[in-house]
Every structure is written in structure tokens, then in C-alpha cells.
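> could you work out the structure for the sequence below:
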Amino acid sequence: MNELARLAGTFFYVGYMRPFSGTWGSAAALPVGYGLYLVGGPYLVALGAVLAFFIGWWATAVMIEGQDDHDPSEVVLDEVAGQWIALLPLFFAASNNGLDVLALWPGWLVAFFGFRFFDILKPGPIGTADARGDALGVMLDDILAGIAAAITVAAAAGIYHGFIA
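A predicted model of the protein is given here:
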């Protein structure tokens, strides 16, 4: 197997952490996403998610070549891309309003647990993407889970700030 594909697909070997490698991948995405935000704002995080998607698609295709398992648990770059998408509403809100993004910690929790919820349960089109049984499906289901989590983050913020606070 191509070692560069393994390095990328496992997000620098985080995917080998057990148990719950997908959750470890999502957790590892948080500080890296924050670092990207500090360096280049929300647009750099969005670009990072796009790059992670395409690199992950390639790395997954290399890693599953000739194997029966189309979605090995050690591949977590898909979780990284999806988690960064889930965080985008926070990053844009902080950037546009001059806020410290870490002060939005409840949103971080909603983004993390929301993404894990959608990634694990795979409702609707998320499950359909996962059922493709190929490298694109491995990546696409997490992109869709990230979008669903991002919508959840935005909705939770709207409910909190519009009705509760």
C-alpha cells in the first residue's frame, strides 16, 4: 500500500486509535480546524474540507484496492472533512461578528455530537451515499453528515439566540 495514502487516509495515523476510530478522527479534526481558522479564517477551513475530500477520495481508493472492506475503520480523513464542514457555521459567525470562536463552545459541542450522530446513524441520503461501496461513498457520506450537522448547528444557534436568550 502507498504509505502517503495511508498517512493521509488515517489523518497522520489517528485512524489506528481504538476503539471508535471515527470519533478519534472527528476529535483530531477540532484543534486542526481551529488552527486553520486562526491562520486563514473560515474560508481556509472550507478550503481544507474540500482538499480533505479530494485527498481522502484518492487515499481511500488506494487503501481499499483489492480488499473486500470498502470502508476500513482506519480511514478517518472523511470524518475530518465532515467535522470541518460541521464547524463552518461557528467559524463564519465568529469571523463576521468579531467574536472569539472558542467562546461559542456550545456550538462546538453541537457540531461534534451532531456530526457523530449523523455519521453513525446515516439517515436518508447519508446512508445512500455510504451504500455505494466505493471510495467516493466513503467520503460522500461524511460530507453529507457534515452538512446535516452544520444545519443543526445553525438551527440550534437560531433557536437559542432567537427564542431563549
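> what is the neighbour count of Leu144?
23 (other Cβ atoms under 10 Å). Every C-beta, even on glycine, is put in place using the N, C-alpha and C of the backbone.
> quick check, pLDDT for the nearest residue to it once chain neighbours are set aside.
Once flanking residues are discounted, Leu144 sits nearest to Ile126: 4.6 Å by Cβ to Cβ, 6 or more residues apart in numbering. In this model, Ile126 is scored at 98, pLDDT.
> isn't Ile126 right up against Phe117?
No: counting by Cβ atoms under 8 Å, Ile126 stays clear of Phe117, with 10.5 Å between them.
> from what I see, Ala46 and Leu87 are in contact.
No: the criterion here is Cβ under 8 Å, and Ala46 misses it with Leu87 at 10.0 Å.
> neighbour count for the two, which is higher?
Leu87 (31 against 18).
> can you pull the contacts of the more buried one?
Leu30, Gly33, Val45, Trp108, Ala111, Ala150, Val153 (Cβ atoms under 8 Å, 6 or more residues apart in numbering).
> so which of those is the most crowded?
Ala111 (29 neighbours).
> so who does that one touch?
Gln83, Ala86, Leu87, Pro89, Leu90, Ala149, Ala150, Val153.
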